[in-house]
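# Okay, here's the prediction I keep looking at, along with the sequence it came from:
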Amino acid sequence: MTVSEYLVTGMTCGHCEVSVREEVGEIEGVTDVQVSHETGKLAVAAEGEIDDNRVFDAVQEAGYSAERV
């Protein structure tokens, strides 16, 4: 299992967290998503390697932007 961390900008509330969690959670192989609007941190656990671009696309689909930490 691998865990990758990202910094998400634009989140302001718990609803934002849910949106990001749902979009990122749909990526194939992702087993867990932890996200905090207070810190802007996103941690993605997966069975194998995580494609950063898929995470970036999912976060963008939720309405925010992300960068790898």
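Everything's here; your move.
# Which parts of this protein are strands?
Under the criterion DSSP state E, the chain carries strands at the ranges 2-9, 30-35, 41-46, 65-68.
# Let me know which of those strands is tucked in deepest.
Stretch with highest mean neighbour count among the strands of the chain: strand 41-46 (a mean of 20; mean count of other Cβ atoms under 10 Å). Where you see a C-beta, it was placed from the backbone N, CA and C, and this is true even at glycine.
# per-residue pLDDT, residue 45?
The predicted local confidence for residue 45 comes out at a pLDDT of 98.
# For it, name its beta-bridge partners.
Beta-bridge partners of residue 45, counted by DSSP bridges, are residue 3, residue 32.
# Report the separation between it and residue 5.
In this structure, residue 45 and residue 5 are 10 Å apart, going by Cβ to Cβ, to the nearest Å.
# again with residue 46
12 Å.
# Tally up the residues packed near residue 11, please.
23 (other Cβ atoms under 10 Å).
# Also the one 5 residues further on?
Here the count is done by other Cβ under 10 Å, and residue 16 has 18 residues near it.
# for the nearest residue to it once chain neighbours are set aside, what are its contacts?
If you skip the residues right next to it in sequence, residue 16 has residue 37 as its closest partner in space, 5.0 Å away by Cβ to Cβ, 6 or more residues apart in numbering. Contacts were defined as Cβ atoms under 8 Å, 6 or more residues apart in numbering; by that measure residue 37 touches 11, 12, 13, 14, 16, 17.
# Right, I'll leave it there.
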